[in-house]
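Enquirer: A structural model of the following input is requested.
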Amino acid sequence: MTTPDIAARRVLGACAALMVGSLTLTACGGSANATGDGKDGKNSPKTSTAKIAISAKDGSTGASINATGVKVSGGKLTDVKMTVSGTGQTVAGAISADGGSWKPKQQLERGTKYEIDATAKDADGRTAAANSIFTTVTTANSFIGTYTPDNGSTVGVGMPVSFTFDKSITDKKAVQSHITVNSSSGQQVVGHWFGDRRLDFRPQDYWKAGSRVTMRISLDGVQAAKGVYGVQKKTVSFTIGRSQVSTVDANTQTMTVVRDGKTVKTIPISTGSPQHTTYNGQMVISEKFTQTRMDSRTVGLGGEYNIPDVPHAMRLTDSGTFIHGNYWYNQGNPPFGREGTSHGCVGMADVQGAQGATPARWFYDNTLVGDVVIVKNSPDTTVAPDNGLNGWNMSWSAWTAGSAA
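Expert: Model (predicted):
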């Protein structure tokens with residue numbers, strides 16, 4: 001039999017063992033109020049409240065070349081480094097004054113792999129970090145539109161806004177609805193599609209002289225066709241200059257220049273010969289060259305001429321119609337103002353080298369890209385609206401019918 005003394009000692013020993021075990025468990029498991037455990041105690045480090053968001057997700061493809069950047073909430077950015085993956089080339093950028101965002105200084109390249117590493121601090125000085133490696137949208141999966149006129153330019157009253165896209169557009173409504181053109185004159189501006197790659201905008205009548213036109217391009221991320229997205233996002237503004245409309249009369253072989261409703265000059269000219277007539281219609285000057293080469297082979301006329309220094313040349317059509325100076329005029333022909341002898345262009349008296357005080361020099365110096373030249377009484381047909389910037393040869397009802405918006 002066990003004596004009471006021995007039994008008591010055994011019970012006390014068991015209790016002591018339990019107490020030791022309990023202490024052991026407490027030391028290992030911790031408690032909700034324990035300190036120095038790296039989680040919940042009063043003296044434990046806490047996670048930064050700064051939350052960094054990089055717009056291009058890590059591992060993504062098809063990232064925007066315009067909108068890619070970094071933002072932070074609950075803190076301020078302290079450093080952002082963007083590089084081209086593989087080469088390590090630095091992409092310049094800037095943190096905003098309030099420390100809330102960062103963006104590249106220049107548009108990114110298409111189809112390029114980049115890396116962004118960003119750090120920020122919250123109000124208590126705790127640091128947060130984020131990074132992303134991504135690839136921008138490829139050329140094959142994106143489209144751009146080349147447009148005219150340029151930002152900040154001053155143009156004539158006939159100048160349309162004209163886009164030429166580098167890929168065929170199947171969702172014309174989506175693309176057109178993300179391009180807006182507005183004028184300070186309050187004129188309604190409507191877009192018209194010529195095929196699936198060209199979109200022009202104009203009002204019903206010529207722009208009001210002195211008005212300001214603003215074009216907003218918001219095509220970044222817009223799907224134009226299956227797997228093809230836009231990459232452009234910008235605002236372009238240009239000014240309409242004085243009104244100048246010049247009328248070429250093939251019957252009288254003269255051009256009357258009317259500026260702001262008043263005739264300022266009448267110039268003898270030479271239109272196309274009976275074999276090479278000049279188009280009729282309203283034509284907009286789209287380019288100006290002090291001197292340029294004209295080669296008949298580029299317009300399907302064989303080797304009839306190749307003049308390397310045509311002076312004061314102003315383009316009227318894509319197919320090769322110009323109004324320009326002429327120094328090689330055959331003196332055996334009647335002088336300018338008597339007879340059409342050109343290959344379809346409108347010629348004016350000039351001198352070689354484009355330096356003389358000639359009628360062609362005067363007209364060139366007094367002409368803006370976007371000015372209108374109207375040809376009438378020629379035996380030829382009316383120029384096609386899409387041959388150059390010549391949509392004014394289309395009725396307003398036909399123009400608006402070609403809108404997809």
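
Enquirer: contacts only, for Pro104.
Expert: 68-69, 82, 91-93 (C-beta atoms under 8 Å, 6 or more residues apart in numbering). All C-beta spots, glycine's among them, are computed from the backbone N, C-alpha and C.

Enquirer: name whatever forms a beta bridge with it.
Expert: Using DSSP bridges, the bridge partners assigned to Pro104 are Gly93.

Enquirer: what's the pLDDT at it?
Expert: The score at Pro104 is 97. That number is its pLDDT.

Enquirer: gap between it and Trp399?
Expert: Using C-beta to C-beta, to the nearest Å, Pro104 is found at 39 Å from Trp399.

Enquirer: again, but for Gly69
Expert: For Gly69, the distance to Trp399 equals 39 Å [C-beta to C-beta].

Enquirer: how about the helices in the stretch 251-400 of the chain?
Expert: Remark: helices assigned in the stretch 251-400 of the chain by DSSP state H, counting those that start in this stretch are 359-365, 396-401.

Enquirer: pLDDT below threshold where in this structure?
Expert: In the predicted model, the chain carries pLDDT under 70 at residues 1-45, 296-305, 330-334.

Enquirer: distance check, the one residue sitting closest to the centre of the chain against Ser64.
Expert: What sits nearest the mean C-alpha location of the chain, by C-alpha atoms, centre = their mean, is Gln232, with 4.9 Å. When C-beta to C-beta is the yardstick, Gln232 and Ser64 sit 11 Å from each other.

Enquirer: what is in contact with these two at once?
Expert: With contacts defined as C-beta under 8 Å, 6+ apart, the residues adjacent to both Gln232 and Ser64 are Asp220.

Enquirer: for stretch 192-208, which residues meet the burial criterion?
Expert: Of the residues in stretch 192-208, 192-194, 199-203, 206-208 count as buried by neighbour count, 16 or more other C-beta atoms under 10 Å.

Enquirer: which residues are contacting stretch 120-130?
Expert: Residues outside stretch 120-130 that contact it (C-beta under 8 Å, 6+ apart): 45-54, 70, 72, 74-78, 99, 117-119.

Enquirer: filter those down to the buried ones, ChimeraX style.
Expert: In ChimeraX, a selection of the buried entries from the contacts of stretch 120-130 looks like this (16+ other C-beta under 10 Å):
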select :48,50,52,54,70,72,75,77,78,117,118,119
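
Enquirer: one step back: and the contacts of Pro104, which are buried?
Expert: Among these, those classed as buried by 16+ other C-beta under 10 Å are 68-69, 82, 91, 93.

Enquirer: can you tell me which of those lies closest to Leu108?
Expert: Looking at those and their distance to Leu108, the nearest is Thr68, at 6.2 Å (C-beta to C-beta).

Enquirer: and the gap between Ile323 and Ser270?
Expert: Computed with C-beta to C-beta, the distance linking Ile323 and Ser270 is 11 Å.

Enquirer: looking at these two, which one has more neighbours?
Expert: Ile323 (28 against 25; other C-beta atoms under 10 Å).

Enquirer: the more buried one and Ser342 touch, don't they?
Expert: No: applying C-beta atoms under 8 Å, one finds Ile323 not in contact with Ser342, separated by 10.1 Å.

Enquirer: in space, what's closest to Gly356 - neighbours in sequence excluded?
Expert: Nearest residue to Gly356 in three dimensions, chain neighbours excluded: Asp350, at 6.9 Å (C-beta to C-beta, 6 or more residues apart in numbering).

Enquirer: so how many other residues sit close to that neighbour?
Expert: Residues near Asp350, counting by other C-beta under 10 Å, number 26.

Enquirer: check which residues of stretch 128-139 are buried.
Expert: For stretch 128-139, the neighbour count (16+ other C-beta under 10 Å) marks 128, 130, 132-137 as buried.

Enquirer: all strands of the stretch 251-400 of the chain, in order?
Expert: Under the criterion DSSP state E, counting those that start in this stretch, the stretch 251-400 of the chain carries strands at the ranges 254-259, 262-268, 281-284, 287-295, 306-315, 322-326, 346-349, 372-376.
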